[in-house]
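With the input below, show me the fold.
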Amino acid sequence: MSVFKDQITRIVQSVPSGSVLSYGQVAAYTGLPRAARQVGLVLREMEEDVPWWRVVNNSGRVSITGNWRADKLLQSKLLCSEGVEVGSDFTFVIEKYRFRPTDEQLKEFQLESDYREKVMLKYQL
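From the prediction side, this is the model:
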């Protein structure tokens, strides 16, 4: 498994039930803030038991399309089962459910202190 895939797995597995994070957040927490699309590609190919449904579009929208192992309905259903209120248009208030890791968790993601500070400011941690 690649380092990037390992990082994505660790980050997504750290998200508690009822919380979500954006593809961009995952990318930022790996140290590659411009790799949101790559995060989606990695999640699409993962076979491990990773709660992929907790990773969403940053606008607060379930946006799975194309050749995916699941669809919007399944992701919406899984999120709703965890308490995330998803509308019939597949949208929700992302800030209400956004995962905000602690500084300790960011350290566990092995991010340098300067970069951690930038991430904390961006996502209001």
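
Could you measure from Lys107 over to Val119?
11 Å (C-beta to C-beta, to the nearest Å). Where C-beta positions appear, they are placed from N, C-alpha and C, glycine not excepted.

And for Glu85?
Taking C-beta to C-beta, one finds Glu85 at 27 Å from Val119.

more neighbours, these two?
Neighbours per residue, other C-beta atoms under 10 Å: of Glu85 and Val119, the larger number sits with Val119, 19 against 11.

Next, the more buried one: phi, psi?
phi -60, psi -40 (degrees, to the nearest 10).

Now for the closest residue to it other than its chain neighbours: which residues touch it?
Leaving out its chain neighbours, the residue that sits closest to Val119 by C-beta to C-beta, 6 or more residues apart in numbering is Ala28, at 5.3 Å. By C-beta atoms under 8 Å, 6 or more residues apart in numbering, Ala28 lies in contact with Val119, Lys122, Tyr123.

Now do the helices in this structure.
3-13, 23-30, 36-45, 72-81, 94-97, 103-108, 113-122 (DSSP state H).

Looking at the first one now, give me its mean pLDDT.
Spelled out, it's helix 3-13. Taken as a whole, helix 3-13 has an average pLDDT of 93.
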